[in-house]
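Novice: Pasting the sequence and the predicted coordinates here, then a few questions.
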Amino acid sequence: MGSERAARSGRIKAAQDWLGRRADSPLGRLAEQWFRAYFAASRNSACAVTVYSSLSVLPAVLVAIAYFHPSRTNANVFAERLISHLSLTGSTASLVYDSFGSASDNALAATIAVVVGFLLWGIGIGQIYQEVYAKAWQVKARPIADQGRFAVFFFALTGAIALVVVSAEQLRDRGWLVLVPVWLLASTAFWLWVPRFLLHRQIGFRSLLPGALLASLLVGGTSATSPLFLTKPLNESGRSFGSFGVALTIVGYVFVLLTMSLICVVFAPVWAHWRQSERRRDD
């Protein structure tokens with residue numbers, strides 16, 4: 001018995017030592033600083049952004065596609081792209097199609113719902129992102145005076161998502177050699193614009209670039225590989241809970257993507273501070 005306890009204690013001590021050595025490496029220090037910065041700046045912001053986006057951005061995207069998609073007679077593009085990307089079939093595909101039915105069937109009611117969602121929740125999304133960016137960069141936010149900027153951000157985010165949904169199939173048909181560069185350029189430009197716009201150009205493009213690139217890679221990579229981890233839960237939720245299960249699974253997926261975007265918000269200032277601290281260590 002004593003030898004077993006000694007062996008177990010030895011393994012635990014070895015694991016602790018290994019973790020300590022990894023934490024005291026350059027990448028370990030970067031990870032620790034990044035972890036601390038995210039929790040200091042976010043304060044559960046991902047949960048709030050997910051709820052606000054589900055109640056305002058998603059309905060607005062459906063309406064935007066219904067109004068502006070070239071094929072007005074078949075405007076349920078969001079559901080079709082989701083079904084195609086995840087290779088859904090049978091009852092789950094029908095549930096997804098019904099859950100995200102075309103807003104063009106009742107454009108007036110859908111538009112009213114979008115206006116209400118925008119006024120109640122949509123403006124708050126930009127404010128949350130501004131607060132996280134401001135805390136990460138340690139600059140002053142102006143939430144009261146920037147309501148107009150938050151409105152612009154809401155419509156820019158809605159338009160960007162709608163554009164991705166509408167153009168995804170055409171870009172994919174042209175191959176990954178076209179899709180990947182287009183996504184990286186467009187997504188990086190968007191994530192460079194967001195903090196510049198919300199923070200009144202207090203931070204330069206060069207300083208913001210690491211976070212924008214990381215957001216493009218993480219969000220894009222997660223979206224591209226989502227069939228590997230999302231199709232099975234979506235099928236199981238659809239079979240067990242119907243449209244309610246489908247909707248909750250999609251909301252969970254949105255939460256993952258938005259959490260990644262907020263993690264990337266704090267990466268650029270952490271990266272800059274980490275590089276400076278590592279240089280001082282080398283000196």
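Specialist: Happy to help now that I have it. Numbering: from 1, shown residues only.

Novice: Low-confidence ranges, the protein, go.
Specialist: 1-24, 68-76, 99-110, 282-283 (pLDDT under 70).

Novice: Repeat the analysis, applying 50 as the threshold.
Specialist: Regions of the chain meeting the criterion pLDDT under 50 cover residues 15-16, 18-19, 72-74.

Novice: Beyond the longest helix anywhere in it, next helix or strand please.
Specialist: Longest helix in the chain, counting residues (DSSP state H): helix 205-241. Proceeding N to C from helix 205-241, the next assigned helix or strand is helix 243-265, under DSSP states H and E.

Novice: Taking helix 205-241 as reference, get the angle to that following helix.
Specialist: Inter-element angle recorded for helix 243-265 and helix 205-241: 160 degrees (by axes from the mean of the first three to the mean of the last three C-alpha atoms, to 10 degrees).

Novice: What helices and strands are in contact with helix 243-265?
Specialist: Secondary-structure packing of helix 243-265 (3 or more C-beta pairs under 8 Å, 6 or more residues apart in numbering; DSSP states H and E): helix 26-42, helix 45-52, helix 90-99, helix 123-137, helix 176-198, helix 205-241. All C-beta atoms are positioned from the backbone trio N, CA, C, and that covers glycine.

Novice: could the ones you listed go into JSON lines alongside distance to Trp271 and mean neighbour count?
Specialist: Converted to JSON lines, the helices and strands packed on helix 243-265 look like this (distance: least, C-beta to C-beta, whole Å; neighbours: other C-beta atoms under 10 Å):
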{"stretch": "helix 26-42", "distance to Trp271": "8", "mean neighbour count": "16"}
{"stretch": "helix 45-52", "distance to Trp271": "20", "mean neighbour count": "19"}
{"stretch": "helix 90-99", "distance to Trp271": "38", "mean neighbour count": "17"}
{"stretch": "helix 123-137", "distance to Trp271": "11", "mean neighbour count": "22"}
{"stretch": "helix 176-198", "distance to Trp271": "14", "mean neighbour count": "17"}
{"stretch": "helix 205-241", "distance to Trp271": "5", "mean neighbour count": "17"}
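
Novice: Just put those helices in TSV and tack on distance to Ile112.
Specialist: Output for the helices and strands packed on helix 243-265, formatted as TSV (distance: least, C-beta to C-beta, whole Å):
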stretch	distance to Ile112
helix 26-42	33
helix 45-52	18
helix 90-99	20
helix 123-137	17
helix 176-198	28
helix 205-241	29
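
Novice: Among these, single out whichever gets nearest to Pro269.
Specialist: Counting by C-beta to C-beta, Pro269 lies closest to helix 123-137 out of those; the figure is 5.1 Å.

Novice: Can you give the distance from the closest one to the centre of its chain?
Specialist: Remark: helix 123-137 is offset 14 Å from the chain centroid, using C-alpha atoms, centre = their mean, to the nearest Å.

Novice: Now do that helix: which elements does it pack against?
Specialist: Applying 3+ C-beta pairs under 8 Å, 6+ apart, one finds that helix 123-137 contacts helix 26-42, helix 45-52, helix 147-173, helix 176-198, helix 243-265, helix 267-282.
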